[in-house]
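could you work out the structure for the sequence below:
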Amino acid sequence: MLVKTYGSAVYGVNALTITIEVNISAGNKYYMVGLPDNAVKESLQRVESAIHAAGYRMPRQKIVVNFAPADIRKEGSAYDLPIAICILAASGQLPADELEDYFIMGELSLDGNIQPIKGALPIAIQAQQEGMKGFILPSQNVREAAIVDGISAYGVENLAQVISFFNKQETLIPVKVNTHEEFLKNISNYEHDFADVKGQENIKRALEIAAAGGHNVILIGPPGAGKTMLAKRLPTILPPLNLNEALKTTKIHSVAGKLSATDALMTVRPYRSPHHTISDVALVGGGISPQPGEISLAHNGVLFLDELPEFKRTVLEVMRQPLEDRQVSISRARFSVEYPASFMLVASMNPCPCGFFNHPEKECVCAPGVVQKYLSKISGPLLDRIDLHVEVTPVDFSELSSSHDAEKSEIIRERVIGARAVQDHRFAANENLHYNAQMSPKMVRMVCAISNEGVALLKTAMEKLGLSARAYDRILKVARTIADLDDQKNIELEHLAEAINYRSLDRSGWAG
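Okay, here's the model as predicted:
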């Protein structure tokens, strides 16, 4: 007897419908076709043990399992549950009349319990687009699938529950999630706050500019100056995610299996801080079974690279294209996938190996030329893509022990939201452009017009600092953001001067 049901395979951040067909006929062998990988092929032992644990029998006949389309590789253990259900239906132990109305996904344990899967959200979206009646999946993933309107998401704990459902012996209650309520519940629930930071007002100003325009920033300073502490608080002053951004961000984390059982929707901007030993594949994504990398997990949020020169040169260089295009394309001989990667890069570094170059009190003990060699670990093209270079100085004792209350993140965020509103109005005609850092060179010429005095100031700075054409564009973008924060229509000289001041690493003689 031939029966079929439906599942899904995730490629990139989207899902593709997979038809699971099982035919039982005379014979005694088990065949699996349709380009299954080893994890799928090993399902026979899990399926057989789970069926026995549920109190049913495994047929001792010829069983053929086919996955269509047959020319696309099927990976992972999430096909265990649909295979088991189809085998039971094909052997007459389960009615098959409703199987084609559902997407069914889940990994089986030997005792019949169902383990979580990756990519439940994009699979639920695909099920809804296919017009399915429902999506049966592990209870640990049901909340992320339930945010999709127009599809009933049924969370199940074990194989026996699914069998009882199709035998009409048990009714499964679809999980309902109020997307709007879920979105608003924790939209500003941050652990950190800029009110905790004593002093460092100039650094807070730089991070406010970075947040307002979506600019990349690098913090240079000695150990203990507060670089990591400041970076952790940057997401708290970014505008809250809108519902569309929250769904796209949740989709990526769903594919990567990073959502907990209690999560339905990501409501705060992600903050990712990978260790400096990370590989280039782990950073940008890919691998044998392609997965999103750290830059995609930081989509719509912040990627923090602590001690930037300690990262391998190849790792840093692979970020150059995603920083420009805001997406990463993974191309291999058999497949090509794209992951979104619109993130704010925040990096920190010591100015030299000992950490005390340019320190106001402590003396640098590095040998001559060592500072320049240390800085040269970061390529010029990568530095060009970082808009703000900010020197972080240690906080003196009087500021550290002060009882004066610092400005809270929510107050800074209001100013940032105001500047972003100006940019939303400016770029309303371009749906792929949302803030100043995303402007193309052509758009920069249109939006960032400066006076003759400004041109003269910028010319002098370019000649003295030896800036590249890309750095020229970065200065104009930052100046435009500063003007937006001041609610000024035109870029004034003070805006331009402040933007030029944020090119510390371009200054000749900075490294001695």
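
show the model's pLDDT score for Val268.
Note for Val268: predicted pLDDT of 87.

same thing with Asp506?
For Asp506, the predicted pLDDT is 64.

same check, this time on Tyr11
Value listed for Tyr11 in the pLDDT field: 86.

ok, it to Ile63 distance?
28 Å (CB to CB, to the nearest Å). Where C-beta positions appear, they are placed from N, C-alpha and C, glycine not excepted.

the two: who's more crowded?
Using other CB atoms under 10 Å as the criterion, Tyr11 and Ile63 rank with Ile63 on top: 24 against 19.

can you tell me the closest non-neighbouring residue to that one?
Setting aside the residues directly before and after it, Ile63 is nearest to Tyr30 in space (CB to CB, 6 or more residues apart in numbering), at 5.0 Å.

secondary structure class for the closest residue to Lys489 other than its chain neighbours?
Counting by CB to CB, 6+ apart, Lys489 lies nearest to Ala483, which is 7.7 Å off, once chain neighbours are set aside. What DSSP: H, G, I helix; E, B strand; the rest coil gives for Ala483 is helix.

what is the neighbour count of Ala483?
Ala483: 22 surrounding residues under other CB under 10 Å.

that one reaches Leu493, doesn't it?
No: using CB atoms under 8 Å, Ala483 is not in contact with Leu493; the gap is 11.0 Å.

each with direction, which strands does the lengthiest strand in the chain pair with?
Using DSSP state E, we find that the single longest strand of the chain is strand 14-25. Here strand 14-25 has these sheet partners by DSSP bridges: strand 2-11 (antiparallel), strand 62-68 (antiparallel).

and the contacts of the first one?
Okay, so that is strand 2-11. 15-23, 72, 74-75, 78-79, 82, 85-86, 89-90, 96, 99-100, 102-105, 118-119, 122-123, 126-127, 130, 132, 255, 290, 335, 337 (CB atoms under 8 Å, 6 or more residues apart in numbering).

can you flag which of those residues belong to strands?
Using DSSP E, the contacts of strand 2-11 in strands are 15-23, 102-104, 337.

ok, which stretches of the stretch 101-250 of the chain are helices?
120-129, 142-146, 159-166, 179-185, 201-213, 227-232, 243-255 (DSSP state H, counting those that start in this stretch).

please identify the deepest-packed of those helices.
Per-stretch averages of neighbours, counted by mean count of other CB atoms under 10 Å, single out helix 142-146 among the helices of the stretch 101-250 of the chain, with a mean of 27.

which elements pack onto it?
Helices and strands in packing contact with helix 142-146 are listed as helix 120-129, strand 152-156; criterion 3 or more CB pairs under 8 Å, 6 or more residues apart in numbering; DSSP states H and E.

so the last one versus helix 120-129, what angle?
Going by axes from the mean of the first three to the mean of the last three CA atoms, to 10 degrees, strand 152-156 is angled at 130 degrees with respect to helix 120-129.

that older thread, for the strands paired with strand 14-25, which one sits closest to Leu383?
strand 2-11 (34.7 Å; CB to CB).

show me where the stretch 251-400 of the chain has its strands.
271-272, 285-286, 291-292, 302-305, 327-331, 336-340, 344-349, 388-391 (DSSP state E, counting those that start in this stretch).

distance to Thr314 added to these, as a markdown table?
A markdown table is the format used below for the strands of the stretch 251-400 of the chain (distance: least, CB to CB, whole Å):
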| stretch | distance to Thr314 |
| --- | --- |
| strand 271-272 | 19 |
| strand 285-286 | 14 |
| strand 291-292 | 19 |
| strand 302-305 | 14 |
| strand 327-331 | 15 |
| strand 336-340 | 19 |
| strand 344-349 | 16 |
| strand 388-391 | 23 |
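
export stretch 24-44 as PDB, just CAs?
Taking Å, rounded to 0.1, in the frame of the first residue of the first chain, the C-alpha atoms of stretch 24-44 are listed here in PDB:
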ATOM      1  CA  ILE A  24       4.900  -1.600   1.500                       C
ATOM      2  CA  SER A  25       4.900  -4.700  -0.800                       C
ATOM      3  CA  ALA A  26       6.000  -8.300  -0.900                       C
ATOM      4  CA  GLY A  27       9.600  -8.800   0.100                       C
ATOM      5  CA  ASN A  28      11.800  -8.300   3.100                       C
ATOM      6  CA  LYS A  29      14.200  -5.400   2.600                       C
ATOM      7  CA  TYR A  30      14.100  -1.700   3.500                       C
ATOM      8  CA  TYR A  31      15.000   0.900   0.900                       C
ATOM      9  CA  MET A  32      15.300   4.700   1.300                       C
ATOM     10  CA  VAL A  33      15.700   6.800  -1.800                       C
ATOM     11  CA  GLY A  34      15.600  10.500  -2.700                       C
ATOM     12  CA  LEU A  35      19.100  11.600  -1.700                       C
ATOM     13  CA  PRO A  36      18.900  11.000   2.100                       C
ATOM     14  CA  ASP A  37      22.000  11.700   4.200                       C
ATOM     15  CA  ASN A  38      23.400   9.400   6.900                       C
ATOM     16  CA  ALA A  39      21.200  10.900   9.600                       C
ATOM     17  CA  VAL A  40      18.100  10.200   7.500                       C
ATOM     18  CA  LYS A  41      19.200   6.700   6.600                       C
ATOM     19  CA  GLU A  42      19.800   5.800  10.300                       C
ATOM     20  CA  SER A  43      16.100   6.600  11.000                       C
ATOM     21  CA  LEU A  44      15.200   2.900  10.400                       C
END
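
list of residues touching it?
Outside stretch 24-44, the residues touching it (CB under 8 Å, 6+ apart) are 1, 59-77, 79-80, 83, 87, 90-91, 108, 289.

next, count neighbours for the residue nearest to Arg385 when sequence neighbours are not counted.
Nearest non-adjacent residue to Arg385, counting by CB to CB, 6+ apart: Leu323, 4.7 Å away. Using other CB under 10 Å, Leu323 is surrounded by 20 other residues.

got a pLDDT number for Leu323?
So Leu323 comes in at 88 (pLDDT).

if we can go back for a sec, Ala421 is nearest to which of the strands paired with strand 14-25?
Ala421 lies closest to strand 2-11 among the strands paired with strand 14-25, at 35.7 Å (CB to CB).

mind checking which of the ones in strands among the contacts of strand 2-11 are buried?
15, 17-23, 102-104, 337 (16 or more other CB atoms under 10 Å).

which residue in the residues you listed has the weakest pLDDT?
Among those, pLDDT bottoms out at Val337, giving 86.

any idea how far the residue sitting furthest away from the middle of the chain is from Val65?
Distance from the C-alpha centroid of the chain, by CA atoms, centre = their mean, peaks at Ala26 (49.8 Å). Using CB to CB, we find Ala26 at a distance of 17 Å from Val65.
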